[in-house]
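A.B. asks: 3D, please:
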Amino acid sequence: MDAVDALNEIAFWLERELAPSFKVQAFRKAATAIRSLEPEELAARARDGRLKNMKGIGSRTFEVISQAVDGGVPDYLAKLRERSAQPLAEGGAELNSALRGDLHSHSNWSDGGSPIETMADTARMLGRDYLALTDHSPNLTIANGLSAKRLTEQLDVVAEINQGSDGFRLLAGIEVDILENGTLDQTPTMLQQLDVVVASVHSKLRADKRTMTKRMLGGITDPHTNVLGHCTGRLVKGSRGTRPESEFDADRVFAACAENDVAVEINSRPERQDPPDNLIQLALDTGCLFSIDSDAHAPGQLDFLQYGSERAARNGVPAERIINTWPLERLLEWTGAGK
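C.D. replies: Model (predicted):
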């Protein structure tokens, strides 16, 4: 098989099972290192050992490349495929198969680990019809949030990718901070140019209930907002430790979502599981729409939609209330209506 494809697939499976990032990056760096080599040159270097001296090639990646150029599936990749044959989640398979796309993902333009093209290629490989690129906004400096200038540049990259795409659409989007005063952290002119706007709170998460409710309502009622991201901000496990739910008036917040046609995100990241089940039930009873999103920061994490689908199915969320089960044309009509 193609050696670059083998290395990238290994990285995908490792990311999917939450392997340490240094381990994943070893395979992505090796793929980058050999990408420009012609197949004959790569095979020659692998067979005479010169490949071992290339920067970015280690013993394991050399083994993978050598087995690939010899015409077989590398042993390490075969083991990962076997290990990953079972689904990530125990339930929700039917709902997961109904998802046509993903409306929350990050690239290395902000705090993701991979280029935009790699994220798009992986979404296409997973059978998605569309993927929204939603890098962070400028206020989130720790995540290298995009200024209006950088976001404008990113829109050109998205357009270029879509020019050569057949049956897949990379959506121009943003995960925009809801600032402390309830406004969105990007200019209206820029937000107007996007396909999808996910609005989230990332700071002062321990503010009192009244303050947080007012802040969230400001973001929800902004006409550019399409999706309310990870609404409680909680962390239930993972390398960053745990974090309790933010306090806010959920009845008012979800009523505003329903009134303003803003979908409530079911965030699929294992460390978030946000909202908790009781709030999914409340949003469902309030008449809200939902979006099951991966919040992927790496290609392998795009498959995390399985976790969100399992939680949505367990809570009885019907597919027709989930906006990313909709065809692209319907979705874009919805995100653009009145925005």
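
A.B. asks: Would you map the helices across the stretch 1-150 of the chain?
C.D. replies: Applying DSSP state H, counting those that start in this stretch to the stretch 1-150 of the chain gives helices spanning 3-16, 21-34, 39-48, 59-69, 75-83, 93-98, 116-125, 148-163.

A.B. asks: and if you look at the stretch 201-339 of the chain?
C.D. replies: Using DSSP H, counting those that start in this stretch, helices in the stretch 201-339 of the chain cover 209-221, 250-259, 277-286, 305-314, 328-336.

A.B. asks: of all those helices, which lies closest to residue 241?
C.D. replies: Closest to residue 241 of those is helix 305-314 (C-beta to C-beta; 19.6 Å). The C-beta positions use only the backbone N, C-alpha and C, and glycine is treated the same way.

A.B. asks: Quickly compare the helices of the stretch 1-150 of the chain and say which is most buried.
C.D. replies: Ranked by mean neighbour count, the helices of the stretch 1-150 of the chain are led by helix 3-16 with a mean of 23 (mean count of other C-beta atoms under 10 Å).

A.B. asks: re earlier: minimum distance to residue 336: which of the helices of the stretch 1-150 of the chain has it?
C.D. replies: Here helix 148-163 is closest among the helices of the stretch 1-150 of the chain (C-beta to C-beta), at 15.8 Å.

A.B. asks: how about the CA coordinates for that closest one, as PDB?
C.D. replies: Extracted C-alpha coordinates of helix 148-163, given in PDB (Å, rounded to 0.1, in the frame of the first residue of the first chain):
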ATOM      1  CA  ALA A 148     -10.300  38.900  11.200                       C
ATOM      2  CA  LYS A 149      -7.300  39.000   8.900                       C
ATOM      3  CA  ARG A 150      -6.300  35.400   9.600                       C
ATOM      4  CA  LEU A 151      -9.900  34.200   9.300                       C
ATOM      5  CA  THR A 152     -10.100  36.000   5.900                       C
ATOM      6  CA  GLU A 153      -7.000  34.100   4.800                       C
ATOM      7  CA  GLN A 154      -8.500  30.900   6.000                       C
ATOM      8  CA  LEU A 155     -11.600  31.400   3.900                       C
ATOM      9  CA  ASP A 156      -9.400  31.400   0.800                       C
ATOM     10  CA  VAL A 157      -8.000  28.000   1.900                       C
ATOM     11  CA  VAL A 158     -11.500  26.600   2.400                       C
ATOM     12  CA  ALA A 159     -12.600  27.900  -1.000                       C
ATOM     13  CA  GLU A 160      -9.600  26.300  -2.700                       C
ATOM     14  CA  ILE A 161     -10.200  22.900  -1.000                       C
ATOM     15  CA  ASN A 162     -13.800  23.000  -2.100                       C
ATOM     16  CA  GLN A 163     -12.800  23.700  -5.700                       C
END
